[in-house]
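Peer 1: generate a structure from the sequence data that follows.
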Amino acid sequence: MQYVRGMSQSEDPGRRPARKTTVSAVSDAPESAAGSRAAAQRLKMRRELAAAAMELFATKGYEATTVDEIAAAAGVARRTFFRHFRSKEEAIFPDHDDTLIRAEAVLNAAPPHEHPLDTVCRGIKEVMKMYAASPAVSVERYRLTREVPTLREREIASVARYERLFTRYLLGHFDEQAHQHGNDDPLLAEVAASAVVTAHNHVLRRWLRAGGQGDVETQLDHAFAIVRRAFGTGIGAGRTAPPAATHARGDVLVAVARTDAPLDEVMRTIEDALRDRA
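Peer 2: Now for the predicted structure:
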């Protein structure tokens, strides 16, 4: 599988160099600061609503808890709740939107010669940082998602967003010009992105089941090393090149493995499925 790294705007020879200082840039600074404060206040309120929702779900039960009760427990009006969340099940995942933005920022700011698969691994670490920042909350949220199918479905939908982001990134660095008939590179890009997410989730679940204890970063690096060994062979290191043209999407491969299976076994299942398809 051959990957290329697209040229950034700063590398475009046809663009004029940006001016270092302008009046508008200076005048925009207060607005940027105000925007940052507003974003911080928004996240603070989302977390307060999430904490209230989780406490009520734990004491009253998910089905018996209403949006009005969550809003009252957080000391806000019902309309304030709906400015931040569309439903009560969405309320216990307050950080996913912001984490997705941070993960995408990691991809966009990747060094020119970094292997795209390594970039994706760094990107998904933003998700682990989100969980590790509040271990007790993360463990309780994990318990709730295991008990309430609606919350579990919401969690699966959130995971799918990360997987789509990383798949688009890897496909965006796939060298379309080198594609030959019968070449499964687009499929491998999608499966590689899925493998990164699977490795992350495997380590995350093990950490949550241990009560949020243990060196999760070392475990994650070990898991990513396994992914790199499985999917890095034959993948060219990132290199500066013009962006590829329209990207064709490959087929989707589905591999089934137990959620408690060792990561090595999960990766072997994916590799066997790829070989069977070849």
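
Peer 1: now stretch 55-66: buried residues?
Peer 2: Neighbour-count burial for stretch 55-66, counted by 16 or more other C-beta atoms under 10 Å, picks out 56, 57, 62, 65. Using the backbone N, CA and C atoms, a C-beta is placed for each residue, glycine as well.

Peer 1: cool, and stretch 102-120?
Peer 2: Neighbour-count burial for stretch 102-120 flags 103, 104, 106, 107, 110, 115, 116, 117, 118, 119, 120 (criterion: 16+ other C-beta under 10 Å).

Peer 1: greatest separation within these: which pair is it?
Peer 2: The most widely separated members of the buried residues of stretch 102-120 are 104 and 115, with 18.1 Å between them, by C-beta to C-beta.

Peer 1: quick revisit: adding distance to residue 205, pLDDT and secondary structure, write the buried residues of stretch 102-120 out as JSON lines.
Peer 2: As requested, those are arranged in JSON lines below (distance: C-beta to C-beta, whole Å; pLDDT from 0 to 100; DSSP: H, G, I helix; E, B strand; the rest coil):
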{"residue": "103", "distance to residue 205": "19", "pLDDT": "94", "secondary structure": "helix"}
{"residue": "104", "distance to residue 205": "24", "pLDDT": "95", "secondary structure": "helix"}
{"residue": "106", "distance to residue 205": "23", "pLDDT": "95", "secondary structure": "helix"}
{"residue": "107", "distance to residue 205": "24", "pLDDT": "95", "secondary structure": "helix"}
{"residue": "110", "distance to residue 205": "27", "pLDDT": "93", "secondary structure": "coil"}
{"residue": "115", "distance to residue 205": "26", "pLDDT": "86", "secondary structure": "coil"}
{"residue": "116", "distance to residue 205": "26", "pLDDT": "87", "secondary structure": "helix"}
{"residue": "117", "distance to residue 205": "22", "pLDDT": "88", "secondary structure": "helix"}
{"residue": "118", "distance to residue 205": "23", "pLDDT": "91", "secondary structure": "helix"}
{"residue": "119", "distance to residue 205": "24", "pLDDT": "92", "secondary structure": "helix"}
{"residue": "120", "distance to residue 205": "20", "pLDDT": "92", "secondary structure": "helix"}
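
Peer 1: helix or strand for residue 158, which one?
Peer 2: Here residue 158, judged by DSSP states H and E, is contained in helix 149-172.

Peer 1: which secondary structure elements does that helix contact?
Peer 2: Under the contact criterion of 3 or more C-beta pairs under 8 Å, 6 or more residues apart in numbering; DSSP states H and E, helix 149-172 touches helix 96-108, helix 116-132, helix 135-147, helix 185-209.

Peer 1: would you mind measuring from the residue lying closest to residue 60 once chain neighbours are set aside to residue 78?
Peer 2: Spatial nearest neighbour of residue 60, excluding adjacent residues (C-beta to C-beta, 6 or more residues apart in numbering): residue 69 at 7.7 Å. Residue 69 sits at a distance of 10 Å from residue 78 (criterion: C-beta to C-beta, to the nearest Å).

Peer 1: so between those two, which is more surrounded?
Peer 2: A side-by-side neighbour count of residue 69 and residue 78, using other C-beta atoms under 10 Å, places residue 69 first with 15 against 12.

Peer 1: the helix or strand the more buried one falls within: how far from the chain's middle?
Peer 2: Residue 69 is part of helix 67-74 when elements are defined by DSSP H and E. Distance of helix 67-74 from its chain centroid, counting by C-alpha atoms, centre = their mean, to the nearest Å, is 29 Å.

Peer 1: that'll do, ta.
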